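Enquirer: Quick one, what's the 3D model for this:
(chains A and B)
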Amino acid sequence: MGQRVSLFIPCLVDQVYPEMGLATVRLLERLGHEVDYDPRQTCCGQPAFNAGHHEEARAVAGVFLEVFGGSETIVCPSGSCVAMVRNFFPSLFEGLGEHRAAVAVGGRVRELCEFLVAAGGADRLEGRLDGRFGFHNSCHASRELRLHDEPLALLSRVAGCEVVLPEGEPVCCGFGGLFSVKFEAIAAAMARSRVEVFRELGVDALISNDPGCIMHMRQECAEREIDLRVLHVAEFLDEATAGRDASE
Amino acid sequence: MSEHAAFLARSRVQAQDETHRLKILRATSTHAHVVGDMQRRQFADWESAREAAARLKDDALARLPDLLERFESRISARGAKVLWAADTAEARRHVLDIVRRHRARRVVKTKSMTTEEIDLNELLESEGVDVRESDLGELIVQLAGERPYHIVTPAMHKSKDEIAALFHEKLGARRDAEAEELTMVARQHLRDAYITADIGVTGANFLIADEGAIVMTENEGNGRLTMACPPVHVVIAGIEKVIPRLEDLALFLPLLATSGTGQQLTCYNTIVRGPRRAGEPDGPAEMHVILLDNGRSEIWASEVFRRSLRCIRCGACLNACPVYRTVGGHAYNTTYPGPIGSVITPHLRGTAQWGHLSFASSLCGACADVCPVNIDLHHLLLANRREWVSGSSAGRLWGTAMRLWARAMSSRTRLDRVRRFVRVAERLFPLAVPKSKRTRMPRLARRSFADLWRQSHGDHSR
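Expert: From the prediction side, this is the model:
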């Protein structure tokens, strides 16, 4: 049932939140997949691309093409990085020799939840974690990749977990990479609104599918001394399924 | 202060203003609700409707010069005068010519963003002309000495109590008057304006090429009175407003009403095909249509940005935008605030001064989701950023930072080396960073994922 997957670890996870990466590996392996990781990988190039620096973005994206050129299925625990590869690589390499490779690699990259639901054994997922959890879908996952139901389908496999969503979803947390550096006050106010909405719903913890959103909301909680755990969906599922082997 | 610095300063203030935030949040959330309801009730398939609208606009834009000339010849044949304005200065000259020729002392006008674009009110006031805004929201901001906060709901930021206080001071309303009473006070104040005005100025929501007609949609009836009562009617319309056929309104009117205000149709929809003709009992004796370019041709000439001219100015992207919801309409200091404003303003007014707006977005795409003519606004912001970087106004500091970043990120060995350096720096200079920044800035993990993987799996990298 398991597949051989090449893991793409976002730079933020690699450098700041390696535990999200480890949780992703455990989760995939628990579902019977064979995880392959090439440490030569660095980043998809999105920070430069979003800043309008295409040349620099291509230099970094080129490393991605090189590392993942031969991979069958690439899995990544961030919708944002997947959107970069799948939706924006083609335009980044438009008219260049790498264009064909860029388009091809875009067709083989899957966001973690997307992969688990489509082919990765979500139906074999069994676990339990009691509580009332808020779910924050990242803008890139929802609007660029059109992934709405996938993370929720995974969470519904976990017993004891009640998932609550605010009205009018999806709403941005205010991260936006460079945006949160250049326009810190606006970005912080957006995070504040976002965290507030979930706290009003009385959640025990917040789950999200993107390390960027998670970092931004964690920082908001830290700055305002709000006691709210913000978890990556991989961490949540890893915790919920710990000790269960669903590979058979 | 540069526009960028001023925007930052205003946005810092607004981001902290809870009263403002809650007021705007309530208004925009209500908007989202009624718009969503009307989309479902009025359109069997909203996606197809907006795709069709986008195609119609693209088709019209592809034939823009022809359609505008057709519009000109048809409406001219019925006695209207068409005046072309390449920029603000030319549009203002046209208006002044008309005002002076008629020795006009009083002008009544409707809500129109093109008139904001050319600062019409200031121009007329400097000529000693009494200008009266006839749209209730515009009247409120005019009395308050402000600019419109929003392109559809200009006084969205004012509570009923604030409006009552304003009307009490300026129009003699009771201090605790309720909404209905306030509306009646405004109505009283305006009736006289329609009758005594020498010129009525309106915008146009659409120009119909085949008919040679202008179309106005509104909810208060003030547009119809402004157009019909004074002896001279002046229309100021952006050149991108032209659509080919009358039948196209069957899609565009409900689309605009739905996205703009959550209505099935606006209350008053007026099609004007020229001035009063012989034998007709009423209507203006003269009609002038000023077609305003003001940077639109340049946008039109760009393959990438042309689609931003599909915009029908419904304001839905403003309401959906979390940045607009946080900083409000005045922080931008532009005629067009919010996502569409951030896309087109750098083109209309110059990247050097306005380029920062392209960066003032988390690129969440909420704007594109609600756009009734399917403009991928957040992607156009990305395109703006790219232009800004390749232009001369780009900051050197960012350019250098990006090059260094790209160099570090192009090889694992270099990345490891930079990481070791940053880790040491973090330990050596923790107090160099202010406390508030320290909670905002992520600290590097003790070990990178790559490092942890190599430790447990060995280094397989070739």
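Enquirer: Strands of chain A, residue ranges please.
Expert: A:4-7, A:34-36, A:74-76, A:109-111, A:127-136, A:158-164, A:205-208, A:229-232 (DSSP state E).
Enquirer: and if you look at chain B?
Expert: Counting by DSSP E, the strands of chain B are B:81-85, B:106-109, B:130-133, B:199-202, B:206-208, B:213-218, B:232-238, B:242-243, B:268-272, B:286-292.
Enquirer: related to what we said a few turns ago, could the strands of chain A be laid out in JSON lines, adding mean neighbour count?
Expert: C-beta here means a position set from N, CA and C on the backbone, and glycine is covered the same way. Putting those into JSON lines (neighbours: other C-beta atoms under 10 Å in any protein chain shown) gives the following:
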{"stretch": "strand A:4-7", "mean neighbour count": "19"}
{"stretch": "strand A:34-36", "mean neighbour count": "15"}
{"stretch": "strand A:74-76", "mean neighbour count": "25"}
{"stretch": "strand A:109-111", "mean neighbour count": "25"}
{"stretch": "strand A:127-136", "mean neighbour count": "18"}
{"stretch": "strand A:158-164", "mean neighbour count": "15"}
{"stretch": "strand A:205-208", "mean neighbour count": "23"}
{"stretch": "strand A:229-232", "mean neighbour count": "21"}
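Enquirer: Kindly reformat those strands as CSV containing mean pLDDT.
Expert: Formatted as CSV, those follow (pLDDT from 0 to 100):
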stretch, mean pLDDT
strand A:4-7, 97
strand A:34-36, 96
strand A:74-76, 98
strand A:109-111, 98
strand A:127-136, 96
strand A:158-164, 96
strand A:205-208, 98
strand A:229-232, 97
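Enquirer: For stretch B:389-404, give me every contacting residue.
Expert: A:48, A:51-54, A:56, B:351-352, B:355, B:388 (C-beta atoms under 8 Å, 6 or more residues apart in numbering or on different chains).
Enquirer: which phi and psi does the closest residue in space to B:Glu116 that isn't next to it in sequence have?
Expert: Excluding the flanking residues, the one nearest B:Glu116 by C-beta to C-beta, 6 or more residues apart in numbering or on different chains is B:Thr335, at 4.8 Å. Dihedral pair for B:Thr335: phi -70, psi -40, per degrees, to the nearest 10.
Enquirer: which residue does chain A bring closest to chain B?
Expert: Using C-beta to the nearest C-beta, the closest approach of chain A to chain B is made by A:Gly176 at 2.8 Å.
Enquirer: Tell me the spacing between the residue nearest to that residue when sequence neighbours are not counted and B:Arg296.
Expert: Spatial nearest neighbour of A:Gly176, chain neighbours left out: B:Ser362 (2.8 Å); criterion: C-beta to C-beta, 6+ apart. From B:Ser362 across to B:Arg296, the span is 28 Å (C-beta to C-beta, to the nearest Å).
Enquirer: And these two? Which one has more around it.
Expert: Between B:Ser362 and B:Arg296, B:Ser362 has the larger neighbour count (other C-beta atoms under 10 Å in any protein chain shown), namely 27 against 21.
Enquirer: In contact with that one: list those residues for me.
Expert: Neighbouring residues of B:Ser362 by C-beta under 8 Å, 6+ apart: A:139, A:172, A:174-176, A:179-180, A:187, A:190, B:322-323.
Enquirer: now with 7 Å?
Expert: By C-beta atoms under 7 Å, 6 or more residues apart in numbering or on different chains, B:Ser362 lies in contact with A:172, A:174-176, A:179.
Enquirer: pLDDT wise, what is the residue of the stretch 301-450 of chain B found nearest chain A at?
Expert: Nearest residue of the stretch 301-450 of chain B to chain A: B:Ser362, at 2.8 Å (C-beta to the nearest C-beta). At B:Ser362, the model reports a pLDDT of 97.
Enquirer: I appreciate the help and will end here.
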